[in-house]
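Visitor: Quick one: sequence and predicted model below, then my questions.
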Amino acid sequence: MNTKTKIIYSTFFLFSFLCAIILFSCDLKDPTEGLQVRVKNIARTTTVRVEFIDSKTGKVIGSDVPYTINILFEGSNKTDIITTVNEPITTLSTNDGFVNFAIRDNISPSQNNPIEVLLVCKSDKYLSTSQRLLIASPGTHGFTITMVNLTQNQQADGIDTKEEKKGTSSSTTGTNQDIVVTSSDVTSESKATIKIPAGTILKDSKGNDLNGDVTTRITYFNPQSEQALTSFPGGFDVNTDGQGRGSFSTAGFVAIDISVNGNSVESFSGQNVNIQIDVPAGTYNPTTKTSVKPGDVIPLYSYDESNGQWKYDGDYIVKAQPNRSSKIGITIENLKHLSYWNLDWFSQGYCPTGKTIRIDGCFTSVFAVVYYVSAQGMENWAKSGWITASDPYMTFTYSNPTIKGRIKIFETSNYQNVTPLGVLNLDSFCGSETVSFPIVTSSGDSQVDVYVRGICPNGNVLDEGTLDVEIFKNGSWQLAGRVVDGYIKLCLVINQEYTFRVYYDGQYYEQKHTAHGSSEHVDITLGNDIDLCR
């Protein structure tokens, strides 16, 4: 742990009284009595808070029942990740749905030189995924990662997972039977099916043949469902292997996981493993500028979770599905490895600078949802995340110059069927200008100057440097922003009680407080086990 410098501002005087040796006894007082030590927190240049959202409920994973999520850092800046107390890290874990970390202080991210970090996320209860974070400015940043619950009937609309324990595998004779598993979206009646012929050799990531019972899981994502799109790994601004940066427009995607006695299968040999993927009726084809029909060509991409890159795997012709009226799709034959498989039209290219959007209004934090908008006005979810009043800007990086956009602002990340606080249409995400985006929030909110201090049990006070603060509002913990030298401006409802919390060295510290006026002081009791309180 780094040694923190304690700055003593209080001045004290030691008074000695001349005692009469015979008539009086000496009264010597403790020289530190009444002394208050003010402690300066080491300011992190760039901090990051990530919350993990259940795709069905819209709630933070672990807010009701704890679930462990393990995170591995990858990406071009993975060696620049530190804890909020300046310790290098390569992994994190959470069971309450939040992780906090920082970027090395000697790095100042910018639009022309953004920080790029990939979070590889795994959980026994949720489908593994990864998410690429682009950070284009110093300060405090809030991100969300949506994950799919693997429990049957716990998937969001447009997502279906089917898992079956069927057959065995041998290193000499392969699978002992044909293995067929299908997942089907109830709304669109579209489905995805994997077929593993008898005799297929199943291998792990090192190429070793596997022996034992086979468990197969396939998850289908309907491209017309916004809840399904929010679970798209990596986001729709993509970095492809071989084609560079650009953006995707998906016709559907699947995730396939196979294990033998608990050991993950990565590849096959010996037989023709194939996947059939439906394309829902009415899916928009940006090449033909009309709905997908038999004879259309859709490129196929596979995803590498370890580096966040999509790899082009060829073009596929859409065909009518045998014995299925009005159903169309593609068949991937002779599959050699497992992955997220994505039917996608790729639009190559990006602008060197993107617009900066400034959210104007009285708010503490708001949830921004970004959509791509087709020439026909159709919305396609692209990305989402939190914006705080202390840093009310969102800057677009690596955006496609040919795509129109729409931004909607909400009070909560669980925004389905909720009226937005504001809507902004963009002809392009590209440009160097800053665009004002006024929003209308609750009329009961007022601007309040809030002075936040961390109080140690020994009386030390932390009210200098920087500290990220959260507030429980609208039913969830929201990132309120960065406290600088003890001060932050927030929008609060007068005479309403709030719970504030700060994060330090792996732990949250909470304090309830009722706002009474335009200036409030919130003292949060810290633990005596942290170095600033010793």
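Guide: Thanks, I have the structure now. Numbering: from 1, shown residues only.

Visitor: from memory Asp257 sits against Arg217, does it?
Guide: Yes: using C-beta atoms under 8 Å, Asp257 is in contact with Arg217, at 4.6 Å. In this view, the C-beta of every residue, glycine as well, is placed from N, C-alpha and C.

Visitor: What is the neighbour count of Phe236?
Guide: Residues contacting Phe236 under the criterion other C-beta atoms under 10 Å number 20.

Visitor: tell me the contacts of it?
Guide: By C-beta atoms under 8 Å, 6 or more residues apart in numbering, the contact list for Phe236 reads Leu229, Ser247, Phe248, Ser249, Thr250, Tyr372, Asn380, Trp381, Ala382, Lys383.

Visitor: What is the nearest of these to Gly212?
Guide: Thr250 (34.9 Å; C-beta to C-beta).

Visitor: so the closest one is in which element?
Guide: Using DSSP states H and E, Thr250 sits within strand 244-260.

Visitor: pLDDT on that strand, on average?
Guide: When pLDDT is averaged along strand 244-260, the result is 91.

Visitor: so for the following helix or strand past that strand, what's the average pLDDT?
Guide: Toward the C-terminus, strand 244-260 is succeeded by strand 263-264 as the next helix or strand (DSSP H and E). Mean pLDDT, computed over strand 263-264, is 92.

Visitor: Contacts for strand 263-264, please.
Guide: Against strand 263-264 from outside (C-beta under 8 Å, 6+ apart): Asp204, Ser205, Leu210, Gly212, Asp257, Ile258.

Visitor: Buried ones among these?
Guide: Buried members of the contacts of strand 263-264, counted by 16 or more other C-beta atoms under 10 Å: Leu210, Asp257, Ile258.

Visitor: Identify, from the residues you listed, the entry nearest to Leu119.
Guide: Using C-beta to C-beta, the buried ones among the contacts of strand 263-264 come closest to Leu119 at Asp257, 19.0 Å.

Visitor: Can you tell me how far the closest one is from Thr216?
Guide: 8 Å (C-beta to C-beta, to the nearest Å).

Visitor: what does Pro322 give?
Guide: 22 Å.

Visitor: cool, and Ile330?
Guide: 20 Å.

Visitor: of those two, who's got more company?
Guide: Neighbours per residue, other C-beta under 10 Å: of Ile330 and Thr216, the larger number sits with Ile330, 24 against 20.

Visitor: May I have the beta-bridge partners of that one?
Guide: Ile330 has these beta-bridge partners by DSSP bridges: Ile277.

Visitor: gap between it and Leu150?
Guide: 25 Å.

Visitor: got it, and Thr200?
Guide: Distance from Thr200 to Leu150, by C-beta to C-beta: 24 Å.

Visitor: So for those two, which residue has more residues nearby?
Guide: Thr200 (23 against 18).

Visitor: quick one: the strands in the stretch 101-250 of the chain?
Guide: Applying DSSP state E, counting those that start in this stretch to the stretch 101-250 of the chain gives strands spanning 115-122, 129-135, 139-147, 159-170, 174-175, 179-184, 191-196, 201-203, 212-221, 237-241, 244-260.

Visitor: Partner strands of the fifth one and their direction?
Guide: Paired strands of strand 174-175, with direction, are strand 159-170 (antiparallel) (DSSP bridges).

Visitor: ok, what's across the strand from Lys383?
Guide: For Lys383, the beta-bridge partners are Val370 (DSSP bridges).

Visitor: what's the burial count for it?
Guide: Using other C-beta under 10 Å, Lys383 has 20 neighbouring residues.

Visitor: Can you name the residues that contact it?
Guide: Lys383 neighbours (C-beta under 8 Å, 6+ apart): Gly235, Phe236, Asp237, Val369, Val370.

Visitor: farthest pair in the residues you listed?
Guide: Asp237 and Val369 (14.6 Å).

Visitor: tell me the average confidence for stretch 308-322?
Guide: Stretch 308-322 comes out at a mean pLDDT of 89.

Visitor: Relative to the whole chain's centre, how far out is it?
Guide: Relative to the chain's own centre, stretch 308-322 is displaced by 27 Å; criterion: C-alpha atoms, centre = their mean, to the nearest Å.

Visitor: And the helices in the stretch 301-450 of the chain?
Guide: Applying DSSP state H, counting those that start in this stretch to the stretch 301-450 of the chain gives no helices.

Visitor: Tell me, please, where in it the pLDDT is lower than the cut-off.
Guide: Applying pLDDT under 70 to the stretch 301-450 of the chain flags residues 443.

Visitor: repeat that for 50
Guide: Counting by pLDDT under 50, not a single residue of the stretch 301-450 of the chain qualifies.

Visitor: how much space between Thr364 and Glu51?
Guide: Distance, Thr364 to Glu51, using C-beta to C-beta: 15 Å.

Visitor: Run through the residues that contact the closest residue to Glu163 other than its chain neighbours.
Guide: Of all residues beyond its chain neighbours, the one nearest Glu163 is Arg217 (4.0 Å), with distances taken as C-beta to C-beta, 6 or more residues apart in numbering. Arg217 makes contact with Leu150, Thr161, Lys162, Glu163, Glu164, Val181, Ile256, Asp257, Ile258, according to C-beta under 8 Å, 6+ apart.

Visitor: Pull the number of nearby residues for the fourth one.
Guide: When neighbours are defined as other C-beta under 10 Å, Glu163 has 16 of them.

Visitor: Report pLDDT for it.
Guide: For Glu163, the model assigns a pLDDT of 93.

Visitor: which ones are touching it?
Guide: Listed by C-beta under 8 Å, 6+ apart, the contact set of Glu163 reads Leu150, Val181, Thr215, Thr216, Arg217.

Visitor: for the fifth one, same thing?
Guide: Applying C-beta under 8 Å, 6+ apart to Glu164 gives the contacts Ile179, Val181, Thr215, Thr216, Arg217.

Visitor: That one bridge partners, please.
Guide: Thr216.

Visitor: Any figure for the gap between it and Thr216?
Guide: 6 Å.

Visitor: Identify the contacts common to the two.
Guide: Common neighbours of Glu164 and Thr216 (criterion: C-beta under 8 Å, 6+ apart): Ile179, Val181.

Visitor: pretty sure Pro256 is touching Ile275, no?
Guide: Pro isn't right for residue 256; it's Ile. Yes: contact criterion C-beta under 8 Å: Ile256 and Ile275 qualify, at 7.2 Å.

Visitor: any common contacting residues for those two?
Guide: Each of Ile194, Trp341 lies in contact with both Ile256 and Ile275 under the rule C-beta under 8 Å, 6+ apart.

Visitor: Between the two ends of stretch 79-88, what distance do you get?
Guide: End-to-end distance of stretch 79-88: 8 Å, with C-alpha to C-alpha, to the nearest Å as the criterion.

Visitor: in it, what's buried?
Guide: Asp80, Ile81, Ile82, Thr84, Val85.

Visitor: Then stretch 341-352?
Guide: Here stretch 341-352 shows Trp341, Asn342, Leu343, Asp344, Trp345, Phe346, Ser347, Tyr350, Cys351 as buried, counting by 16+ other C-beta under 10 Å.

Visitor: hmm, back to that, what's the closest of the contacts of strand 263-264 to Ser110?
Guide: Out of those, the member with the shortest distance to Ser110 (by C-beta to C-beta) is Ser205, at 37.0 Å.

Visitor: Could you tell me the per-residue confidence at that closest one?
Guide: 87.

Visitor: Quick one: residues contacting it.
Guide: Going by C-beta under 8 Å, 6+ apart, Ser205 touches Ser264, Glu266.
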